[in-house]
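**Student:** Pasting the sequence and the predicted model now:
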Amino acid sequence: SVLLKDTKLLDVKLGQLPTWLAMRDFTPGGIAGALRRGYDRYYNKYINVKKGGLAGVSMVLAGYVVVSYIWSYSHI
Amino acid sequence: VLHSTRLLHTSQQCSAPVPPLPEKGGEVRHGLIPEEFFQFLYPKTGVTGPYMLGTGLLLYLLSKEIYVVNHETVASACILAVIIYAVKKFGSDVAAFADKLNEEKVASALAVKNEAIKDLETAIEQEKKEQWRAEGHSFLFDAKRNNVAMLLETNYRERLMTVYSEVKKRLDYQVAMQNLKRQKEQDHMIQWVEKSVVQSITPQQQKESIAKCILDLKALSRSAQAAA
């Protein structure tokens, strides 16, 4: 029904994954657009609400902790 | 080439009125893992699946020394304990305070909107009043027209009166002139007749008339004595 280019990641079959990845937009504008879309999704789901909680911020901080642990693993 | 027939708005999107914010954010369990993850694993592993996954992952990381236990572990454990205690104790109070701030913001915006609506309604009423006043202008103009007509009429009648009195004065003068002339003629004629009569009475006639008068008087006195 829809082209492979327009399917969402969770709807892509495992065998089609490399093709799908190749079809993504890897120009700087495309990457910036993807980052903006990701940010907007997270922001509108967890932060831009009437009664937001600690979870919205704490998930970002936990992710930061994990990433910094991964980056500094070789220095332990 | 100017596409003058192309529509400007190609999508149905419309930014007003802005849809309201969702009440609550996405569900998150233990403050760290979104609920979607638990729902994702529920069909295959039931309720305990994600927790078993978490435990297995933790043991794997510890045993393979991917996560190293050193002094930082103790420090992070203490910090985490303090954070969790603080959140559990003061979480609801902070949430209530933040909600109050939000409420105030919304209330002030709503107050501005209501003010604007009220001002516009007052303006509408004023406008209606002005329209009603404008209708009354016709009466005002009728009254003014009546006033002007009255003034004209009064002026006309005054002038008519002046004309009448002037003409009457002139006619009265003519009449007075004629009367005076006739009277003067009469007086003069009477005087002239008297003067001529007196002149015509000679002394002889005077003496005869006096004697006659005396005789008449004597006769009258005799007849009066006889009657008495």
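**Tutor:** Looks like it arrived, so ask away. Residues are numbered from 1 along each chain as shown, chains lettered A, B, ... in the order given.
**Student:** what does chain B put close to chain A?
**Tutor:** B:21-26, B:28, B:31-32, B:34, B:66-68, B:70, B:87, B:91, B:95, B:99, B:102 (C-beta under 8 Å from any C-beta of the partner chain). For glycine as for every other residue, the C-beta is placed from the backbone atoms N, C-alpha and C.
**Student:** try it again with 6 Å
**Tutor:** Applying C-beta under 6 Å from any C-beta of the partner chain, we find that chain B lies next to chain A at B:21, B:22, B:23, B:24, B:25, B:26, B:28, B:31, B:32, B:68.
**Student:** Test my guess that the fifth one contacts residue A:44.
**Tutor:** Okay, so that is residue B:25. No. At 9.2 Å, residue B:25 does not count as touching residue A:44 under the criterion of C-beta atoms under 6 Å.
**Student:** higher neighbour count, the two?
**Tutor:** residue B:25 (19 against 14; other C-beta atoms under 10 Å in any protein chain shown).
**Student:** Just list the residues touching the residue in chain A positioned nearest to chain B, thanks.
**Tutor:** Residue of chain A nearest chain B, by C-beta to the nearest C-beta: residue A:55 (3.6 Å). The contact partners of residue A:55, taken as C-beta atoms under 6 Å, 6 or more residues apart in numbering or on different chains, are B:28, B:31.
**Student:** gap between the longest helix seen in chain A and the chain center?
**Tutor:** Criterion DSSP state H: the longest helix present in chain A is helix A:55-71. Mean-position distance between helix A:55-71 and its chain equals 14 Å (C-alpha atoms, centre = their mean, to the nearest Å).
**Student:** Can you tell me the centre-most residue of chain A?
**Tutor:** Among the residues of chain A, the one closest to the centroid is residue A:38, at 5.0 Å (C-alpha atoms, centre = their mean).
**Student:** swap that for chain B, please
**Tutor:** Residue closest to the average C-alpha location in chain B (C-alpha atoms, centre = their mean): residue B:130, at 4.8 Å.
**Student:** On the pLDDT front, check that one for me.
**Tutor:** Looking at residue B:130, its pLDDT is 94.
**Student:** Secondary structure element holding it?
**Tutor:** helix B:71-200 (DSSP states H and E).
**Student:** next SSE after that helix?
**Tutor:** Using DSSP H and E, the helix or strand that follows helix B:71-200 in sequence is helix B:203-227.
**Student:** mean confidence score for that following helix?
**Tutor:** So the average pLDDT for helix B:203-227 ends up being 88.
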